[in-house]
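Q: coords below, sequence missing:
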C-alpha cells in the first residue's frame, strides 16, 4: 500500500489509500441506483424489481508521474455479474496488468433480494464505457469483452492497454444493469354463450353452449415473448370450431377472429410488455344428456398461460345439470 505523497517507482494499480479525489483506491467498485444517484462502495446493495443500476470500476496506475518504465501495459478491466439474484450474490470488478507489481486485483459488493423474490439481471445495451480525464466524453466498450474471462483493454485516451501515472490517465469503466422480475397472472370466466356477465362456478343445462374467456396479464417488470394460452376441457366438452377470438391493444380492444387450437396445444398470442394484457374467448358445447347422470355433475376446466418464465394455471368449476323424471 502507498500514500499520495509516497507513490511507487513502478507500475502498481489502485494501491494508494488516500487519493485526494477518490480516497482508498482499493475500494474501486461502486454501485448506484440510477434514480437516486447515491454511490455505494461497501455493504449490501438491495435490488428493487424494475429499477436500473450503474456500476463503476475505478482504475489508476499509482506509479509516480515521470517514472521511467512506470507505465502499466496490457491493462484490462473485467466485470462479473450474476444472471439472477435470489438472496445474496456478488458483483465484482477486476483489474489486471501485464507488468504491474500485482497483476490481478478484485473488489466486490453483495447484491441482495428477499429469498422468495428473485430477480433476473439484464445488462442495459450500449451502456458500457470508459471515462478518463483525457476522454471525459467516454469511449464505448464492447460488453462481450468487459464480461469475458479476458476482460477489455483500457488506456488514457485510447483503449491500447497503456496507463501511465499521469493524472489524465486515471478513470472509470461504467455499465448499467436492470433488475427484472418476470411475473404474470392468468384468469378465466365461463358464461352462457351470448351473455355479457362474467362468472365462474355457474350451473348450466346439458347440451348448452358456453363461452370461455381467458385473460393473461404481465404483472412483472420485463417483457414476455411468445406467450401461449391454453384450455384443458373436461371429457365430453366439445370445442366449437372457428369460435376463438382475441382482444388486445393491437386490436383496439375489439374482438378479432383467430386460429383454433386453444384446447389442443394452445395459441401463441405474442409478446407483452409489463402491464399489458390479452383476452381470448371461445365457445364450447356441453355434454349431451345421454353422457350424464341425473342431477348435477361437477366439472373442472383449466386455463394456462405458458411463458419463457414458467407456467401459471387457474381452474374453473361448473355444474352441468340433467333433469330426470
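A: Alright, I've got the coordinates. As the structure is a computational prediction, the values presented were derived from the model and not from experiment. Residues are numbered from 1 along each chain as shown.

Q: Only the buried residues of the one helix or strand in the chain whose mean pLDDT sits lowest, if you could.
A: One helix or strand of the chain scores below all others by mean pLDDT, DSSP states H and E: strand 203-205, with a mean of 88. Buried residues in strand 203-205, counted by 16 or more other CB atoms under 10 Å: residue 204. To be clear about C-beta, it is placed using only N, CA and C from the backbone, and glycine gets the same treatment.

Q: now the strands for the stretch 151-300 of the chain?
A: For the stretch 151-300 of the chain, applying DSSP state E, counting those that start in this stretch gives strands covering 152-153, 171-180, 184-192, 203-205, 209-218, 224-232, 238-239, 245-247, 256-257, 267-272, 277-285, 295-307.

Q: weakest of those strands by average pLDDT?
A: Mean pLDDT per stretch puts strand 203-205 lowest among these, at a mean of 88.

Q: Against which helices or strands is that one packed?
A: strand 310-322 (3 or more CB pairs under 8 Å, 6 or more residues apart in numbering; DSSP states H and E).

Q: quick one on the thing from earlier: and the strands of the stretch 151-300 of the chain: which comes nearest residue 46?
A: Among the strands of the stretch 151-300 of the chain, the nearest to residue 46 by CB to CB is strand 171-180 (9.9 Å).

Q: Next, residue 145: secondary structure please.
A: helix (DSSP: H, G, I helix; E, B strand; the rest coil).

Q: and the nearest residue to it once chain neighbours are set aside, bridged to which residues?
A: Distances taken as CB to CB, 6 or more residues apart in numbering place residue 152 nearest to residue 145, at 3.8 Å, with adjacent residues excluded. Beta-bridge pairing of residue 152 under DSSP bridges involves residue 77.

Q: looking at it, residue 152 is touching residue 75, isn't it?
A: No - counting by CB atoms under 8 Å, residue 152 does not reach residue 75; the two are 10.1 Å apart.

Q: of these two, who's got more company?
A: Shown here are residue 152 and residue 75; by other CB atoms under 10 Å, residue 75 has more neighbours (27 against 21).

Q: Just grab the bridge partners of the residue nearest the centre of the chain for me.
A: Central residue of the chain (CA atoms, centre = their mean): residue 180, 3.3 Å from the mean position. Counting by DSSP bridges, residue 180 forms beta bridges with residue 120.

Q: Quick check: it touching residue 122?
A: Yes - with contact defined as CB under 8 Å, residue 180 reaches residue 122; the gap is 5.3 Å.

Q: Show me whatever sits in contact with both of these two.
A: residue 222 (CB atoms under 8 Å, 6 or more residues apart in numbering).

Q: circling back to that earlier point, any idea which of the strands of the stretch 151-300 of the chain gets closest to residue 47?
A: Here strand 171-180 is closest among those (CB to CB), at 4.3 Å.

Q: For that closest one, enumerate the helices and strands it packs against.
A: By 3+ CB pairs under 8 Å, 6+ apart, strand 171-180 packs against strand 52-59, strand 76-80, strand 119-123, strand 129-132, helix 143-146.

Q: Show residues contacting the last one.
A: Contacts of helix 143-146 with the rest of the structure, by CB under 8 Å, 6+ apart, involve 77-79, 123, 125, 127-128, 151-152, 173, 175.

Q: wait, which of the helices and strands packed on strand 171-180 is closest to residue 167?
A: Nearest to residue 167, of the helices and strands packed on strand 171-180 and by CB to CB, is strand 129-132 at 9.6 Å.

Q: next structured bit after that closest one?
A: Remark: after strand 129-132, the chain's next helix or strand is strand 139-140, criterion DSSP states H and E.

Q: Count the neighbours of the nearest residue to residue 171 once chain neighbours are set aside for me.
A: Leaving out its chain neighbours, the residue that sits closest to residue 171 by CB to CB, 6+ apart is residue 132, at 3.3 Å. Burial measure for residue 132: 23 neighbouring residues, criterion other CB under 10 Å.
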